[in-house]
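Participant: Show me how the following folds:
(chains A and B)
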2 protein chains.
Amino acid sequence: MIDKAKTRIGMLSPVAWRTPPRHYGAWETVASNITEGLVERGWDVTLFATKDSVTKAKLHAVIERGYEEDPEVHVKVAEYLHISEAFEHAHEFDLLHSHYDFMALTYSRLVNTPVLTTIHGFSSPKIMPVYYKYRDNYFVSISDSDRAEGLNYVDTVYNGIDTELYPLQEERGGALVAYGRIHPEKGFHLAIDVAKKSGWRLIIAGIIQDQAYFDEQIEPYIDGDQISFVGPVDVPGKNELFSQAAAVLHLNTIPERFGLVMAESNCAGVPVIAMDLGSCREVIAHGETGFVVQDVDEAVESLKRLPEIDSKACRRRVEEKFSIASMVSGYEEAYRRILEEGR
Amino acid sequence: MIDKAKTRIGMLSPVAWRTPPRHYGAWETVASNITEGLVERGWDVTLFATKDSVTKAKLHAVIERGYEEDPEVHVKVAEYLHISEAFEHAHEFDLLHSHYDFMALTYSRLVNTPVLTTIHGFSSPKIMPVYYKYRDNYFVSISDSDRAEGLNYVDTVYNGIDTELYPLQEERGGALVAYGRIHPEKGFHLAIDVAKKSGWRLIIAGIIQDQAYFDEQIEPYIDGDQISFVGPVDVPGKNELFSQAAAVLHLNTIPERFGLVMAESNCAGVPVIAMDLGSCREVIAHGETGFVVQDVDEAVESLKRLPEIDSKACRRRVEEKFSIASMVSGYEEAYRRILEEGR
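Facilitator: Next up is the predicted model:
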């Protein structure tokens, strides 16, 4: 039986942004949520992050500011100094939990402390040789579908969102909504196809990550009437979208690793129509919290079945499986397996 | 007293290029020359380099090809895998000798083997925090002038050249020569000034590293008569230049770290007129192997004194101080200091 208060966890957050990030910074957000959740539950946590980070854990920092926030910071220098600092202190911890991708793995054999790596995504096939070399480390995947064969996975722990940010919408709206970073991978052009074929209204929101894509495949269809674009949205902006939504369309064109958009939408009680690629079928319970479809025609077809979806069931599933609390519980279980069972 | 055959040296070469490089690759060249020299003198050396490297030492390699030679190689992956591999084997060595800049330092505290780093140059003030954190490591500078305050320097060991490549020119030529990478730092525009003011012929050679500089400050003066440009030169090309040279102009505009051009020229018996910045006054013995000057006018003035310089004295100094043999001896002495005296 583990004594949380006596179990020292070293949490290695990225240093692209502050932990938690001021705005964008997905991995730092997850690292922060886990850290604060563990502290609240009584674990002894030290957070390795930028000096301006905010935490109730002990903060151990050697990098002034995130390299994405301060052009004066030398990325390579920051990464090497930050990662090595954590490993130089590894003996002070019972477990190091790394969110630092493949780079941190290369220090793992030089210390005796077990290292758990959350794989937030394989950014390129070219980084796989590092994972395979260190395959006997401990790994957590963020969905069952986002796994590489042969690595020593302890468990899948879904990312968790703060469910208080997205309260349940009492009434369903009448529009389709598609939001996120505007990039072909996120299939906004397919959402437009669905709107055109079904005649439903569509509201698009998000930061434009691929300007050519937006200019060529999105902008020409925006008429401000059936199809509108409202730009980037913050949390209140998302809630405003959810209040108008009959469903959120998430018609990704490449396998989704986890899918924050789906969890947020369901959290607010909004059904999600998602493409069956990657983790979508794990996050969305088909026929219960939305529909997992194979193509645009199936998406159009599923619109008729939206009344079958109970908003409260959507929210309940997020609270159980995709909340910060469930994520922290997932990592507690992973730590226990490593520390008690050595697996 | 050190038993060379029983002293295991791990040599960490960069993996930008093969060791030794096929063409360009200054650090890999030095690492190769030291490695082969040590093996010849009986040391037990393991070279960490790309898989296609060529050595009489034991080769330990995990990276297929240099990342500058093969666009398929992921630079960051290659660097992390390569460096960590050497440190994971550190316990097999009495000394690790790193040519891998600041990155390798960040692994040094995780092993018990002493690590000697040759600092081939500080590429940016932003990398200094790493050197300062690991200041108690062992360092070698490549000239007395290229030192950062406060680091634990064992010695200066000048880079050594293969003196057989540049045989002594029996007769002095009549032209001035300036060669190297065509970049403002190397002061080719000042060499042109010297030619213009003195009326001497000037031959310029080298790869164009800064095209705008070449187009604006060099090309307009090339008349194919007084001032000519012959493009990149290999070893035979340099010897051809030396045969025509009364002197080589090396009018650098920023501090020189070492200065291979000066050593090569002197090796062939050609006097060098060098700007008094950085290591030039260490490499050139003023009035003996060339002249160290403060500006263009002094360079012009020094042309009159060229007959004072004895070609044989130029070559003798290179053999004594800037040859591969003298470099290897320098490192042998540095190793002895670390292994016997712990300094």
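
Participant: what about the spatially closest residue to A:Glu320 that is not a sequence neighbour, helix or strand, and which?
Facilitator: Computed as CB to CB, 6 or more residues apart in numbering or on different chains, the closest residue to A:Glu320 that is not its neighbour in sequence is A:Ser326, at 6.2 Å. From N, CA and C alone the C-beta is placed, and that goes for glycine too. Using DSSP states H and E, A:Ser326 maps to helix A:324-336.

Participant: Name the residues that touch that helix?
Facilitator: With CB atoms under 8 Å, 6 or more residues apart in numbering or on different chains as the test, helix A:324-336 has contacts from A:2, A:7, A:9, A:30, A:33-34, A:37-38, A:41, A:43, A:95, A:97, A:116, A:138, A:140, A:154-163, A:319-320.

Participant: Could you rerun that using 7 Å?
Facilitator: A:2, A:33-34, A:37-38, A:41, A:95, A:116, A:140, A:154-155, A:157-162, A:320 (CB atoms under 7 Å, 6 or more residues apart in numbering or on different chains).

Participant: Out of those, which sit inside strands?
Facilitator: A:95, A:116, A:140, A:154-155 (DSSP state E).

Participant: Counting neighbours, which of those comes out on top?
Facilitator: A:Leu116 (23 neighbours; other CB atoms under 10 Å in any protein chain shown).

Participant: The closest residue to chain B within the stretch 151-300 of chain A in helix, strand or coil?
Facilitator: Nearest to chain B in the stretch 151-300 of chain A, going by CB to the nearest CB, is A:Leu151, at a distance of 16.2 Å. Classification of A:Leu151 using DSSP: H, G, I helix; E, B strand; the rest coil returns coil.

Participant: now the contacts of helix A:324-336: which count as buried?
Facilitator: Buried members of those, scored by 16 or more other CB atoms under 10 Å in any protein chain shown, are A:33-34, A:37-38, A:95, A:116, A:140, A:154-155, A:157-161.

Participant: which two in those are spaced the farthest apart?
Facilitator: A:Leu95 and A:Ile161 (24.6 Å; CB to CB).

Participant: As a check, name the ranges of all helices in chain A.
Facilitator: A:26-40, A:75-88, A:101-105, A:128-133, A:188-198, A:211-213, A:235-244, A:260-267, A:280-283, A:296-302, A:311-321, A:324-336 (DSSP state H).

Participant: Does the fifth one pack against any helices or strands, and if so which?
Facilitator: Using 3 or more CB pairs under 7 Å, 6 or more residues apart in numbering or on different chains; DSSP states H and E as the contact criterion, the secondary-structure elements in contact with helix A:188-198 are strand A:175-179, strand A:202-205, helix A:296-302.

Participant: so can I have a markdown table of these showing distance to chain B and mean neighbour count?
Facilitator: What follows is the helices and strands packed on helix A:188-198, written out as a markdown table (distance: least, CB to the nearest CB, whole Å; neighbours: other CB atoms under 10 Å in any protein chain shown):
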| stretch | distance to chain B | mean neighbour count |
| --- | --- | --- |
| strand A:175-179 | 32 | 26 |
| strand A:202-205 | 34 | 22 |
| helix A:296-302 | 36 | 19 |
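
Participant: how about those in a markdown table, adding distance to A:Glu264 and mean pLDDT?
Facilitator: As requested, these are exported to a markdown table (distance: least, CB to CB, whole Å; pLDDT from 0 to 100):
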| stretch | distance to A:Glu264 | mean pLDDT |
| --- | --- | --- |
| strand A:175-179 | 9 | 98 |
| strand A:202-205 | 12 | 98 |
| helix A:296-302 | 19 | 98 |
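
Participant: okay, the ones you listed in CSV with distance to A:Glu72 next?
Facilitator: Shown next, in CSV, are those (distance: least, CB to CB, whole Å):
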stretch, distance to A:Glu72
strand A:175-179, 33
strand A:202-205, 33
helix A:296-302, 46
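
Participant: nearest to B:His91, of these?
Facilitator: strand A:175-179 (53.3 Å).

Participant: who's in contact with the closest one?
Facilitator: A:188, A:191, A:194-195, A:200-206, A:233, A:238, A:241, A:244-249, A:261.

Participant: And for stretch A:287-302?
Facilitator: A:190, A:193-194, A:197-198, A:249, A:251, A:266, A:271-276, A:280-281, A:284, A:286, A:305, A:308-309, A:313-314, A:317.

Participant: Can I have the buried ones of these as a PyMOL selection?
Facilitator: To isolate the buried subset of those in PyMOL, counting by 16+ other CB under 10 Å, use the following:
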select buried, chain A and resi 190+193+194+198+249+251+266+271+272+273+274+275+276+280+281+284+309+314+317
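
Participant: With adjacent residues omitted, what lies nearest to A:Val111?
Facilitator: That would be A:Ala90: by CB to CB, 6+ apart, it lies 3.8 Å from A:Val111.

Participant: List the residues that contact that neighbour.
Facilitator: A:10, A:96, A:111, A:113 are the contacts of A:Ala90 under CB under 7 Å, 6+ apart.

Participant: Distance of the closest residue to A:His189 other than its chain neighbours relative to A:Thr253?
Facilitator: Leaving aside its chain neighbours, A:His189 sits nearest to A:Gln217 (4.4 Å; criterion: CB to CB, 6+ apart). Remark: distance between A:Gln217 and A:Thr253 (CB to CB, to the nearest Å) = 12 Å.

Participant: Likewise for A:Ser302?
Facilitator: From A:Ser302 to A:Thr253 the distance is 18 Å (CB to CB).

Participant: Same question for A:Leu105.
Facilitator: 30 Å.

Participant: next one: A:Pro220
Facilitator: On the measure of CB to CB, A:Pro220 and A:Thr253 end up 19 Å apart.

Participant: Show me which of those two is the more surrounded one.
Facilitator: Shown here are A:Pro220 and A:Thr253; by other CB under 10 Å, A:Thr253 has more neighbours (15 against 11).

Participant: so who does that one touch?
Facilitator: So A:Thr253 contacts A:184-185, A:187 (CB under 7 Å, 6+ apart).

Participant: and the closest residue to A:Thr19 other than its chain neighbours, how many neighbours?
Facilitator: Nearest residue to A:Thr19, sequence neighbours excluded (CB to CB, 6+ apart): A:Ala49, at 3.8 Å. The number of residues packed near A:Ala49 is 30, by other CB under 10 Å.

Participant: Isn't A:Ala49 up against A:Ala61?
Facilitator: Yes. Counting by CB atoms under 7 Å, A:Ala61 is a contact partner of A:Ala49 at 6.0 Å.

Participant: near chain B, which residues of the stretch 51-200 of chain A?
Facilitator: Selection of the stretch 51-200 of chain A residues close to chain B by CB under 7 Å from any CB of the partner chain yields A:74, A:77, A:80-81, A:84, A:87-88, A:102-103, A:106-107, A:109-111, A:124, A:126-127, A:129-130, A:133.

Participant: Now the closest residue to A:Ala61 other than its chain neighbours. Its backbone dihedrals?
Facilitator: Excluding its sequence neighbours, the residue lying closest to A:Ala61 (CB to CB, 6+ apart) is A:Lys51, at 4.1 Å. Dihedral pair for A:Lys51: phi -60, psi -30, per degrees, to the nearest 10.

Participant: Just put the helices of chain A in JSON lines and tack on distance to B:Gln211.
Facilitator: Listed next are these as JSON lines, based on distance: least, CB to CB, whole Å:
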{"stretch": "helix A:26-40", "distance to B:Gln211": "40"}
{"stretch": "helix A:75-88", "distance to B:Gln211": "27"}
{"stretch": "helix A:101-105", "distance to B:Gln211": "35"}
{"stretch": "helix A:128-133", "distance to B:Gln211": "36"}
{"stretch": "helix A:188-198", "distance to B:Gln211": "41"}
{"stretch": "helix A:211-213", "distance to B:Gln211": "29"}
{"stretch": "helix A:235-244", "distance to B:Gln211": "48"}
{"stretch": "helix A:260-267", "distance to B:Gln211": "46"}
{"stretch": "helix A:280-283", "distance to B:Gln211": "50"}
{"stretch": "helix A:296-302", "distance to B:Gln211": "50"}
{"stretch": "helix A:311-321", "distance to B:Gln211": "57"}
{"stretch": "helix A:324-336", "distance to B:Gln211": "53"}
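
Participant: Fine by me, thanks again.
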